[in-house]
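S.K.: got a sequence here, can you model it:
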Amino acid sequence: MRLISAYIIGLVFGLGIAISGMGNPAKVVNFFDVAGTWDPSLAFVMAGALGITFIGYRLVLARPRPLQEDRFYLPASRVIDARLLGGAVIFGIGWGISGFCPGGALPVIGTFNAEVLIFIAAMLAGILTARLILKRREQALAARSAA
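M.R.: Okay, the predicted model is just below:
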């Protein structure tokens, strides 16, 4: 049942990305070009997504537990730190430069468009690099505390 649920959720998300045109990097880049060929449609897509998310969270979190899990897995920390802000800045810069965010790129990966494939490769390289940096930082902190 979980696999079927995940498939349906992914299908709805992918269809939403395709129908809204958010898989097209030019549409996204034009949203950020407020002095040129500005396209406000991304703002409407975001507003619609926020509205649905707001209602959805209220309905789901009113339940004692999720349908397919024992408990909700919600973020434990509400701290806004340098790591969170740095990640948001890097995400925003990458989104503005490429016109893709992970949510918009994954549904169109099947087109085998070179731009999408390059973005996915760069995203994976960034994820792996961040994990490596964090692992080395943890090792250095552990070595300092052991000394």
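
S.K.: for the longest helix seen in the chain, give the mean pLDDT please.
M.R.: Longest helix of the chain, by residue count under DSSP state H: helix 114-146. For helix 114-146, the mean pLDDT works out to 91.

S.K.: quick one: distance of that helix to the chain centre.
M.R.: What separates the centre of helix 114-146 from the centre of its chain is 17 Å, taken as CA atoms, centre = their mean, to the nearest Å.

S.K.: kindly report the same for stretch 50-69.
M.R.: Counting by CA atoms, centre = their mean, stretch 50-69 is centred 19 Å from the centre of its parent chain.

S.K.: how about that stretch: buried residues?
M.R.: For stretch 50-69, the neighbour count (16 or more other CB atoms under 10 Å) marks no residue as buried. The way it works is simple: take the backbone N, C-alpha and C, and place the C-beta from them, glycine included.

S.K.: this protein: helices as residue ranges?
M.R.: For the chain, helices defined by DSSP H occupy the ranges 2-20, 25-32, 41-61, 82-98, 102-105, 114-146.

S.K.: out of these, flag the one nearest D70.
M.R.: helix 2-20 (13.2 Å; CB to CB).
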